[in-house]
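# okay, sequence plus prediction incoming.
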Amino acid sequence: MGEQENRAALDRHWAASAAGDQDAEHEIYHDDVITDYPQSGERIQGRRDLQALRSHHPAELDFTVRRILGSGDLWITEYVIAYDGRPAFTVSIMEFREGKVAHETQYFADPFARPDWRAQWVESMPGP
């Protein structure tokens, strides 16, 4: 599959994630996908376990995609997941193989207050 097909698959994936459609959300993955969460040291092996894990998340989730960058078989999505209204800034790195995601690494970051000492050099970002 080509770049346009991979991007279209990503658009469908994130729309399904936002809608809570677990089946459509996981169509993008190979059956043998590996998903890594480096901050917790967890690895999920296989689409079935990934979907089961995500289907049992206890929080109400809301997704806001900020941007998608990539080409060919490597794509990065920057987005915000709100867990019961509490935002986590997230980066997903997806590596495609034959039109499906074979490897995904996700990084999660909680927001933090900006320190007063740097106020003269910064401004507020737009958006969430």
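Yep, it's here.

# give me the contacts around the helix or strand containing Val65.
Using DSSP states H and E, Val65 sits in strand 61-71. Residues from elsewhere that reach strand 61-71 (C-beta atoms under 8 Å, 6 or more residues apart in numbering): 3, 6-7, 10-11, 14, 17-18, 20, 75-83, 85, 94, 127-128. Where C-beta positions appear, they are placed from N, C-alpha and C, glycine not excepted.

# just the buried ones from the residues you listed?
The neighbour count (16 or more other C-beta atoms under 10 Å) marks Asn6, Leu10, Trp14, Ser17, Trp75, Thr77, Tyr79, Val80, Ile81, Met94 as buried among the contacts of strand 61-71.

# and of those, the nearest to Gln45?
Met94 (16.1 Å; C-beta to C-beta).

# report the buried residues of the helix or strand harbouring the closest one.
Here Met94 sits within strand 86-97, counting by DSSP H and E. Judged by neighbour count (16+ other C-beta under 10 Å), strand 86-97 contains these buried residues: Thr90, Ser92, Met94, Glu95, Phe96.

# for the fourth one, give its distance to Gly70.
The gap separating Glu95 from Gly70 is 10 Å, by C-beta to C-beta, to the nearest Å.
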